[in-house]
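Trainee: Quick one, what's the 3D model for this:
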Amino acid sequence: MKAIVNVALKQGVLDDQGKATHHALDTLGFKEVVQDVRIGKQIIMELNAATQEEANAEVVKMCEKLLANTVIEDYQIEIVG
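Mentor: Numbers count the residues shown, from 1 in each chain. The predicted structure is shown next:
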């Protein structure tokens, strides 16, 4: 079973990397196309779990303890397989 975790800064938290990337895209001619940029990270893990519910519960614990700083970041979990 595979878990895909996407972690990104919460709305309202300044995303310096996103701002820099947005500025770079503007200067490369994409000003009319790109309205905003947010940078995050994706974590892909192979899991040994009996059910998707068990896998999801374990990944939530991982996110809350290590993978995401829940004060300033949100996370989304997708369990595949």
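
Trainee: where does this structure dip in pLDDT?
Mentor: Within the chain, no range satisfies pLDDT under 70.

Trainee: and stretch 57-69, how far apart are its ends?
Mentor: 18 Å (Cα to Cα, to the nearest Å).

Trainee: So for it, what gets flagged as buried?
Mentor: Buried residues in stretch 57-69, counted by 16 or more other Cβ atoms under 10 Å: 58-59, 62-63, 67-68. The way it works is simple: take the backbone N, C-alpha and C, and place the C-beta from them, glycine included.

Trainee: ranges for the helices of this structure?
Mentor: For the chain, helices defined by DSSP state H occupy the ranges 16-25, 52-62.

Trainee: what's the nearest residue to residue 60 if we skip its chain neighbours?
Mentor: residue 77 (6.8 Å; Cβ to Cβ, 6 or more residues apart in numbering).

Trainee: That neighbour: neighbouring residues, count only.
Mentor: 17 (other Cβ atoms under 10 Å).

Trainee: Give the buried residues for stretch 33-45.
Mentor: So, applying 16+ other Cβ under 10 Å, buried residues of stretch 33-45: 37, 40, 43.

Trainee: mind giving me TSV with the buried residues of stretch 57-69 and columns for distance to residue 10?
Mentor: Listed next are the buried residues of stretch 57-69 as TSV, based on distance: Cβ to Cβ, whole Å:
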residue	distance to residue 10
58	23
59	19
62	19
63	14
67	15
68	10
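
Trainee: Nearest residue to residue 19 in space, ignoring adjacent ones along the chain?
Mentor: Spatial nearest neighbour of residue 19, chain neighbours left out: residue 37 (7.4 Å); criterion: Cβ to Cβ, 6+ apart.

Trainee: meant to ask about residue 8, not that
Mentor: Closest to residue 8 by Cβ to Cβ, 6+ apart is residue 40, at 3.2 Å.

Trainee: for that neighbour, what are its contacts?
Mentor: By Cβ atoms under 8 Å, 6 or more residues apart in numbering, the residues touching residue 40 are 6-9.

Trainee: Among those residues, name the ones in strands.
Mentor: Per DSSP state E, strands hold the following members of the contacts of residue 40: 6-9.
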